[in-house]
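> Turn this into a model:
(2 chains)
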Amino acid sequence: DVKVTQSSRYLVKRTGEKVFLECVQDMDHENMFWYRQDPGLGLRLIYFSYDVKMKEKGDIPEGYSVSREKKERFSLILESASTNQTSMYLCASSSRTSGFLGEQYFGPGTRLTVT
Amino acid sequence: GQNIDQPTEMTATEGAIVQINCTYQTSGFNGLFWYQQHAGEAPTFLSYNVLDGLEEKGRFSSFLSRSKGYSYLLLKELQMKDSASYLCALGARGNNRLAFGKGNQVVVIP
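Below is the predicted model:
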């Protein structure tokens, strides 16, 4: 079974703090993704990576950065947390099959509250 | 660009059949996915359509018409545990990302 794990289920941080969210997958997937999910807005893509040290901006990258130093690990960084970054953060991974998209497997999510 | 539209909520009775629609516009189609998400949990994969027609998987079926930009998910013999949000997600040609709809909340009542 594919397993995607995230470092915390719940996190409370203060405005201005630097926040690290970690995601690890154990299926040797090439692609990894970070989303945030907010009521009424659905899942929105922040950043994704299709290989080690590669990253691509998603739809809402402002205020975030990412790091992928190893294939199994994809980190999301909030450089200076703000209250509008309070959200559920979901990590996902997928395999790159030639010509077709692989299904995405999601981690359990991190509910981040910024006060 | 891509645009995905799903109704927001529906209520159905246990044992019934419910159809969840998804319409989309895209500049380069590369597959349509359906995910189920229970409250407070992560989305889980249900089905994938890349060619026109119906894909059946137990109580769940998914249909795709690429020419109409339309898909539906059919849930048969509804059970209380099917109460969840159902997300339609569109793949775009040329990259490995998905664009998700906002989800359709299905509430199953006894």
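
> and chain B, which residues reach chain A?
Counting by Cβ under 8 Å from any Cβ of the partner chain, the residues of chain B close to chain A are B:30-31, B:33, B:41-45, B:48, B:50, B:87, B:91, B:95-103. In short, each C-beta sits where N, CA and C put it, glycine included.

> low-scoring stretches of chain A, by residue?
A:1-2, A:97-101 (pLDDT under 70).

> do chain B as well
Scanning chain B for pLDDT under 70 picks out the ranges B:1.

> Strands along that one, start to end?
B:2-5, B:9-13, B:18-26, B:29-37, B:44-49, B:53-57, B:60-65, B:70-75, B:84-92, B:98-100, B:104-109 (DSSP state E).

> list the helices and strands the third one packs on?
Put plainly, it is strand B:18-26. strand B:2-5, strand B:9-13, strand B:29-37, strand B:70-75, strand B:84-92, strand B:104-109 (3 or more Cβ pairs under 8 Å, 6 or more residues apart in numbering or on different chains; DSSP states H and E).

> Tell me which of the ones you listed sits most buried.
strand B:84-92 (a mean of 23; mean count of other Cβ atoms under 10 Å in any protein chain shown).

> For the spatially most central residue of chain A, give its distance to B:Asn30.
The residue lying closest to the centre of chain A (Cα atoms, centre = their mean) is A:Trp34, at 2.4 Å. Counting by Cβ to Cβ, to the nearest Å, the gap from A:Trp34 to B:Asn30 is 21 Å.

> likewise B:Asn95?
Applying Cβ to Cβ to B:Asn95 and B:Asn30 gives a distance of 9 Å.

> Could you do A:Tyr10 as well?
Computed as Cβ to Cβ, the A:Tyr10 to B:Asn30 distance reads 35 Å.

> just A:Arg14 next, same as before
Note on A:Arg14: its distance to B:Asn30, by Cβ to Cβ, is 42 Å.

> cool, A:Gln37 as well?
23 Å.

> And A:Ile60, by the same measure?
22 Å.

> just B:Thr13 next, same as before
B:Thr13 is 36 Å from B:Asn30, by Cβ to Cβ.

> One more: B:Asn96?
Distance from B:Asn96 to B:Asn30, by Cβ to Cβ: 9 Å.

> and if you look at B:Gly94?
In terms of Cβ to Cβ, B:Gly94 sits 8 Å off from B:Asn30.

> Which residues of chain A lie near chain B?
Residues of chain A lying near chain B (Cβ under 8 Å from any Cβ): A:30-31, A:33, A:35, A:40-45, A:48, A:50, A:56, A:58, A:90, A:94, A:96, A:100-109.

> Do a quick rundown of the helices in chain A.
Assigned by DSSP state H, chain A shows no helices.

> just the strands in it please.
Going by DSSP E, chain A shows strands at A:4-6, A:10-13, A:19-25, A:31-38, A:42-49, A:56-57, A:64-70, A:73-78, A:87-94, A:96-97, A:100-101, A:105-106, A:110-114.

> wait, what's in contact with B:Arg66?
When the contact criterion is Cβ atoms under 8 Å, 6 or more residues apart in numbering or on different chains, the partners of B:Arg66 are B:Phe29, B:Asp52.

> circling back to that earlier point, format the helices and strands packed on strand B:18-26 as a markdown table; extra columns: distance to A:Ala81.
Formatted as a markdown table, the helices and strands packed on strand B:18-26 follow (distance: least, Cβ to Cβ, whole Å):
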| stretch | distance to A:Ala81 |
| --- | --- |
| strand B:2-5 | 30 |
| strand B:9-13 | 32 |
| strand B:29-37 | 25 |
| strand B:70-75 | 37 |
| strand B:84-92 | 27 |
| strand B:104-109 | 29 |
